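In: Sharing a model that was predicted from the sequence below.
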Amino acid sequence: MSFSEEVRLFDLPAHSADDLLVIFAFPNTYELGITSLGYQVVWKILATCPGVQVARLFTDCHEPLPKQPDLFGFSFSWELDYGNILTLLESQRIPIWASERSDDHPLVFGGGPVFTANPEPFAPFFDFFLLGDGEELLIEVQNALREVRSADRQTKLKHLAQISGVYVPSFYPVEYLDHDSHLDTVPLTRRTWRGETLSASSVVTEHSAWPGIYMVEVVRSCPEMCRFCLASYLTLPFRVPDVETTLIPLIEKGLKVTDRLGLLGASITQHPQFEALIDYLAAPERAQVRVSLSSVRTNTLTPKLCETLVARGSQSVTIAIESGSERLRQIINKKLSNAEILEAAQVAVASGLQGLKLYGMCGVPGEIDSDLDETVALLLQLKKQHRSLRLSFGCSTFVPKAQTPFQRYGVSTSAEKKLQKLQKQLRPHGIDFRPESYNWSVIQALISRGDRRVAQVLERARHYGQTLGSFRRAFKDLKGELPPLDYYVHTNWDETTRLPWQHLLSESNGAMLEKHSALAQRVMAL
Ligand code: SF4
């Protein structure tokens, strides 16, 4: 792969000798990093700031890197990539622990959903975090840093900490009382972008995971508020750009260089003008455009949408049903009935789609055995009704995510057995059952609900191989220095347990999460 094979969709400003020097890294390969719209967008914002020079770094390649960068940033969206963050820092001879860095080292920062939800397990590795949307925040950070560029490290960090959305963890020392973390401070706010445009690809390349794709963010956040869902709660409010004046011009820009279009967003069919977007894509002059959609809300799968997808090269569509049990869907606040799922399959088949990918979860708080039976029954019914349809069911284990209503629930220890049960009952009937690894879910939960003490575990586990056994071994080594693995992963935390990310939850957000949690408990008690 070569950077020169990229089609860059923006102009770089002229560079000068006193530019701020930035390394912007993605802790995985180029192929995955360049497929991340979040990474592309931050890179573009930084690269188009006058007076800033950015070099990109991936685990398998990089642009020419500055010897003495001012900033070293990471875009981070997948918890299990954390080991690569530490390896990339080491590869540039930067101490992995923020406390060991001197004025000669760059300020190391991170952004993205994982850090915005709960940066605490990573806090000892970073000088600062960017919380929330980066559109304005990044510009303010580089402007502020330029004002104190020759100052010492502490002065720079103090200056940056004045910006809303910048979190410097070393300024917030934590005390641990028993298992809980205590951090007395007023809540920090995350930034919310309220501009008219959302994001779109800044580069198109054949070397991305979806070769030649041009990605457009159709909506940000999701108004559905399923109670486990980080993509909804962490990014509220739901925002939509106007189709005619904003989205279509943005799409046209990409279609000048490629005919592969990806429409992204947590819930794109919720866009109030989605019909108009489909009309635009269905027009004969766009017959050569191939369109991919991220997951579609089941009850918005219309014949027109399916027919357009078939005409634009899609063979299957993905919908998240979560469960076959309506009771469980009520607990999680998924407003969807089994009749709507059956109807969606009918529409997909009638429109000529050959495959239907369903997503679900097991181990959801409040789940009982009969919920699982209902999932099996629904999938068997779908298969029976549509024998020729390629039906797959991807199933994950519920993982509690910080800053969602289910943040206090642990991972169910019976989830692994439930995955095996589903496999046994679905595969013999020709349903392509795809379970996600239970062990990885346990590690994700540890990272999702960890406090700063977990950083030592993360650092050790990467030398032991980053399997669940490695994490268990690291906990054994550190026995007495932090609570056991089960406390972070499996224990249901009651309302008296102080959350490691409590200082990042505004009062109104905290109250909203508690209210949703109480509503879920009411259904569980029925
Ligand atoms: S519909 Fe999907 S994206 Fe929206 S809240 Fe529910 S799970 Fe999240």
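Out: That came through, no problem.

In: Domains in the protein, by residue range?
Out: The chain breaks down by automatic domain parsing into domains covering 9-182, 315-526.

In: Tell me if the first one is near the ligand.
Out: No: if you take Cβ under 6 Å from any ligand atom as the test, domain 9-182 misses the ligand, and the best it gets is 12.3 Å. Using the backbone N, CA and C atoms, a C-beta is placed for each residue, glycine as well.

In: want to try TSV for the domains of the chain, with mean pLDDT and distance to W193 as columns?
Out: Shown next, in TSV, are the domains of the chain (pLDDT from 0 to 100; distance: least, Cβ to Cβ, whole Å):
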stretch	mean pLDDT	distance to W193
domain 9-182	95	4
domain 315-526	95	17
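
In: With mean neighbour count added, can I get the ones you listed in TSV?
Out: Converted to TSV, the domains of the chain look like this (neighbours: other Cβ atoms under 10 Å):
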stretch	mean neighbour count
domain 9-182	18
domain 315-526	18
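
In: and the closest residue to the ligand within the stretch 51-200 of the chain, what is it in contact with?
Out: As assessed by Cβ to the nearest ligand atom, the ligand sits closest to P113 within the stretch 51-200 of the chain, at 12.3 Å. Residues near P113 by Cβ atoms under 8 Å, 6 or more residues apart in numbering: S77, L230, A231, L234, T235.

In: Export the domains of the chain as a markdown table, with columns for distance to R290.
Out: Converted to a markdown table, the domains of the chain look like this (distance: least, Cβ to Cβ, whole Å):
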| stretch | distance to R290 |
| --- | --- |
| domain 9-182 | 16 |
| domain 315-526 | 11 |
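
In: quick revisit: of the contacts of P113, just the buried ones, PyMOL syntax please.
Out: Selection command for PyMOL covering only the buried members of the contacts of P113, criterion 16 or more other Cβ atoms under 10 Å:
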select buried, resi 77+230+231+234+235
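
In: Tell me the one of the contacts of P113 nearest A98?
Out: Distances from A98 to these, taken as Cβ to Cβ, are shortest for S77 (21.3 Å).

In: how close does that closest one sit to G110?
Out: 11 Å (Cβ to Cβ, to the nearest Å).

In: Just give the nearest non-adjacent residue to A209, would you?
Out: Nearest residue to A209, sequence neighbours excluded (Cβ to Cβ, 6 or more residues apart in numbering): T35, at 4.1 Å.

In: ranges for the strands of the stretch 51-200 of the chain?
Out: 52-57, 71-75, 107-111, 128-130, 166-167, 175-177, 180-182 (DSSP state E, counting those that start in this stretch).

In: Adding distance to E507, write those strands out as JSON lines.
Out: JSON lines is the format used below for the strands of the stretch 51-200 of the chain (distance: least, Cβ to Cβ, whole Å):
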{"stretch": "strand 52-57", "distance to E507": "36"}
{"stretch": "strand 71-75", "distance to E507": "29"}
{"stretch": "strand 107-111", "distance to E507": "24"}
{"stretch": "strand 128-130", "distance to E507": "21"}
{"stretch": "strand 166-167", "distance to E507": "17"}
{"stretch": "strand 175-177", "distance to E507": "21"}
{"stretch": "strand 180-182", "distance to E507": "18"}
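
In: What helices and strands are in contact with the longest helix anywhere in the chain?
Out: Longest helix in the chain, counting residues (DSSP state H): helix 507-525. Other elements packing on helix 507-525 under the criterion 3 or more Cβ pairs under 8 Å, 6 or more residues apart in numbering; DSSP states H and E are helix 326-332.

In: Go through the helix it packs on and list whatever outside residues touch any part of it.
Out: Helix 326-332 is contacted from outside by 226-228, 322-323, 335-338, 364-367, 371, 374, 406, 520, 523-524, 526, using Cβ under 8 Å, 6+ apart.

In: For the ligand, what is the nearest residue in the stretch 251-400 of the chain?
Out: Minimum separation of the stretch 251-400 of the chain from the ligand (Cβ to the nearest ligand atom) falls at A266, amounting to 3.7 Å.

In: Correct me if wrong: that residue contacts L230.
Out: No: with contact defined as Cβ atoms under 8 Å, A266 does not count as touching L230 (9.4 Å).

In: what is in contact with these two at once?
Out: With Cβ under 8 Å, 6+ apart, A266 and L230 have no common neighbours.

In: need the strands for the stretch 301-450 of the chain, in chain order.
Out: Going by DSSP E, counting those that start in this stretch, the stretch 301-450 of the chain shows strands at 316-322, 355-362, 390-397, 432-435.
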